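Chemist: Show me the folded form of this:
(one chain, ligands or ions: 1)
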Amino acid sequence: MLTATAEALSNIAFIKYWGNRDQALRLPSNPSLSMNLAGLKTVTTVTFNPEFKEDRLTLNGVVATGAALERVSRHLDLIRERAGIALPAQVESGNTFPSGAGIASSASGFAALTVAAASAAGLNLEPNELSALARRGSGSASRSIPGGFTEWQLGRAADGSDSYAFSIAPPTHWDLTDVIAVISAAHKATGSTEGHGIADTSPFQRARVAGAHDRLSACRTALLARDFERFATVVEEDAIAMHAVMMTSRPALLYWEPLTIAILQALPTWRAEGLPVCFTIDAGPNVHCLTPSAHAAEVERRLRALGVPTVLTAPPGPAASVVADR
Ligand code: DP6
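Modeler: Prediction:
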């Protein structure tokens, strides 16, 4: 039987992907850089079976239909086309992180789906090809294919074949930890895909994209030198630039909650007291506090003292991979 299981981690971007130059192919307006999050994992089994009438999907044991199934089916079509097969598939996917904790599962989900489906279909693809393929399902999934700290390059090819992510440092390079303040588990009113689609309506998107290249190289340099201070400055600048675009899009997107702002206001004080910590925020209210691992427990303690109900901690993690037969 054509079956395979794969696992992939979620990631947190230090330099953000926001807006596409080609929405259908998910070709980004700017390059981005991220870290895979160990422990925040999706495990997916794909089985192609001639006896099925149509694709089936279960997410954390619950049958999924509608838009979620559609998006998975469209992604499987790319892999079927490439492998020259026309078989329906059963997809069983589960996350090791609490679903509904506001942690995006599209990155780990589409990375695991891509690796499992390609393997089940008998395709023998290079990591770069897997990353470019995962990108078609969800842009940030391209960065969950390689391990550790990864960079998603723009690419030049019209078909997007060279818009993929590669590793710039292994997980062991820097013991940076993502201490995630989970502020709301509520489902996002406007998801990333829609958000990318309206990024260009903000007058600030052009300026954000123009500056992204310099911020990315500054971030890469700081990361490779393990220079926390420089890293912190550019990561916070980049997150704020993305949220400025979100807030000035039409319609405007405001993802922050009061507790989000309370954390942003507390961080400079914590830093002044000698705690090395900085923030980044995705398309939601959660605050990702980045700190060397030695300080993670203290950051968590302070977040809880501010009233943060749930805190998750994730160090850098490895590449997506096929899981041996279980
Ligand atoms: C704010 O990769 O979730 O997290 O391609 O539509 O699935 P789709 O979007 P997605 O966008 C991620 C946006 C972000 C920033 C980032 O991860 O770079």
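Chemist: Please tell me I have it right and Ser140 contacts Leu33.
Modeler: No. Distance between Ser140 and Leu33: 11.4 Å, which falls outside the contact criterion (CB atoms under 8 Å). Using the backbone N, CA and C atoms, a C-beta is placed for each residue, glycine as well.
Chemist: and for these two, which residues touch both?
Modeler: Counting by CB atoms under 8 Å, 6 or more residues apart in numbering, the contacts common to Ser140 and Leu33 are Ala13.
Chemist: Strands along the stretch 101-250 of the chain, start to end?
Modeler: Secondary structure of the stretch 101-250 of the chain, counting by DSSP state E, counting those that start in this stretch: strands at 149-152, 165-169, 176-182.
Chemist: closest one to the ligand among those?
Modeler: Across the strands of the stretch 101-250 of the chain, the ligand has its closest neighbour in strand 149-152 (8.1 Å, CB to the nearest ligand atom).
Chemist: how about low-confidence regions in the stretch 51-200 of the chain?
Modeler: Across the stretch 51-200 of the chain, residues meeting the criterion (pLDDT under 70) sit at 99-102, 104, 187-188.
Chemist: Which residues of it lie near the ligand?
Modeler: Taking CB under 6 Å from any ligand atom as the criterion, the stretch 51-200 of the chain approaches the ligand at residues 104, 106, 138-140, 192-193, 196.
Chemist: For those residues, which entry has the maximal number of neighbours?
Modeler: For these, neighbours were counted by other CB atoms under 10 Å; the highest total belongs to Ser140, with 29 neighbours.
Chemist: Tell me how this protein divides into domains.
Modeler: In the domain annotation for the chain, the residue ranges read 2-172, 176-314 (automatic domain parsing).
Chemist: Quick one: residues contacting Ile259.
Modeler: Careful, residue 259 is Leu; it's not Ile. When contacts are taken as CB under 8 Å, 6+ apart, Leu259 is in contact with 181, 183, 285, 306-308.
Chemist: a helix runs through it, doesn't it?
Modeler: Yes. The assignment for Leu259 by DSSP: H, G, I helix; E, B strand; the rest coil puts it in a helix.
Chemist: Look up how far Asn286 lies from it.
Modeler: Leu259 sits 10 Å away from Asn286, taking CB to CB, to the nearest Å as the criterion.
Chemist: so what sits against both of those two?
Modeler: Any residue near both Leu259 and Asn286 by CB under 8 Å, 6+ apart counts here, and that gives 181, 183.
Chemist: what's the angle from the longest strand along the chain to strand 165-169?
Modeler: For the chain, the strand with the greatest residue count under DSSP state E is strand 32-48. When axes from the mean of the first three to the mean of the last three CA atoms, to 10 degrees is applied, the directions of strand 32-48 and strand 165-169 differ by 130 degrees.
Chemist: For the chain, which segments count as helices?
Modeler: Counting by DSSP state H, the chain has these helices, from start to end: 66-83, 106-120, 127-137, 192-198, 205-224, 228-247, 258-272, 296-305.
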